[in-house]
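*Asks:* Here is a sequence together with a model predicted from it:
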Amino acid sequence: MIIFINDRPLKLVAKKNFNQASKDDYHTLITGNKKIRDIEEWKKKVLVLDANNAFLNDFFKTIKEVKKFSFKSATFLVSSVPEAYQTLSKHYKIVDAAGGVVLNDEGEILMIYRRNKWDLPKGKAEKGETIIETAEREVEEECGIEVKVIDDYFVSYHTYTHKNERVLKRTYWYKMSLISDDNMQPQLEEEIEEIRWMNRSEMHKALEDSYPSIAQVIDETISQKLQFMEN
C-alpha cells in the first residue's frame, strides 16, 4: 500500500513480505522503538524496520509541523497493513473520489491539463451515488465525452491540507473505454485548460510534469512499468 505525502511515496509493507536482502538499497535505516526525531534529516530512501502503532502515531503527528522533507521515499515495515492504515487514517479527514484511465480505439490515453500539471479526470463522490457512478460522471463532466467502465478499480491515496485540515483523499480509479468524444471539451469551471489524447511516448513525457501518484495509477491500470516510478 502506498500513500503519497507531499508527493513522496510512503509504503506500508507487511514484515513477512519484505525481502530482507533489499535493505542495502536504502540510505536511511530507522528502528521503530523510539520516538520520531529530526525527520528533516531523513535522506533519500528511508526504511523503518518496525513501524508499530506508537511510531505511526508519532510520525503522523510530527509531520504536521514539518515544513520540508529531504527524503524521497519511505518504507514502513508493519505487522498488519490494514491495522497500520487504520492508525494513520485517524490523523486525517477521509475524502472519497473516483476517476478514470480512458483509452480510445488507438490505445491512446486521455489526459487533462489542470493547475499547471497533467492529470487524469476525477472528482469527489456525491451523496447517493455509487463509486463507479462517480467515476463515470466525473470523467464525462470534466471532458465532455461518453465512457464505459471496462475493468475493476485501483485505489490511490494522497494527503493534502485544506483550510488547515489534514485530508487523506482515497481515489478509486477505473479503466474505461471511449464510447464517443464528438463533444469533447474541457470543463473550464474545474480549471481544466486542455484535454489531449496521448500515445505512450507522449504520456511518458507528460508524466514528467505531473503528480507521482498519477504515474502510479497509470502503471497499475495499464500494466506498463514506468521507469521514474522507481526513483
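*Replies:* Done, it's in. Quick caveat: nothing in here was measured; it's all calculated off a predicted structure. Numbers count the residues shown, from 1 in each chain.
*Asks:* Can you report how many residues lie near Lys127?
*Replies:* Residues lying near Lys127 (other CB atoms under 10 Å) number 4. For glycine as for every other residue, the C-beta is placed from the backbone atoms N, C-alpha and C.
*Asks:* what helix or strand does it sit in?
*Replies:* Following DSSP states H and E, one finds Lys127 outside all helices and strands.
*Asks:* so what's it scoring on pLDDT?
*Replies:* Looking at Lys127, its pLDDT reads 90.
*Asks:* next one: the one 5 residues further on
*Replies:* Model confidence at Ile132, expressed as pLDDT, equals 95.
*Asks:* tell me the helices in the protein, going along the chain?
*Replies:* For the chain, the helices defined by DSSP state H occupy 53-62, 81-89, 131-143, 200-206, 212-222.
*Asks:* Take these and lay them out in TSV including distance to Lys124.
*Replies:* Formatted as TSV, those follow (distance: least, CB to CB, whole Å):
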stretch	distance to Lys124
helix 53-62	23
helix 81-89	17
helix 131-143	8
helix 200-206	24
helix 212-222	16
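*Asks:* Distance to Ala98 and mean neighbour count for the ones you listed - can I get that in CSV?
*Replies:* What follows is these, written out as CSV (distance: least, CB to CB, whole Å; neighbours: other CB atoms under 10 Å):
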stretch, distance to Ala98, mean neighbour count
helix 53-62, 25, 18
helix 81-89, 18, 16
helix 131-143, 4, 20
helix 200-206, 21, 15
helix 212-222, 12, 19
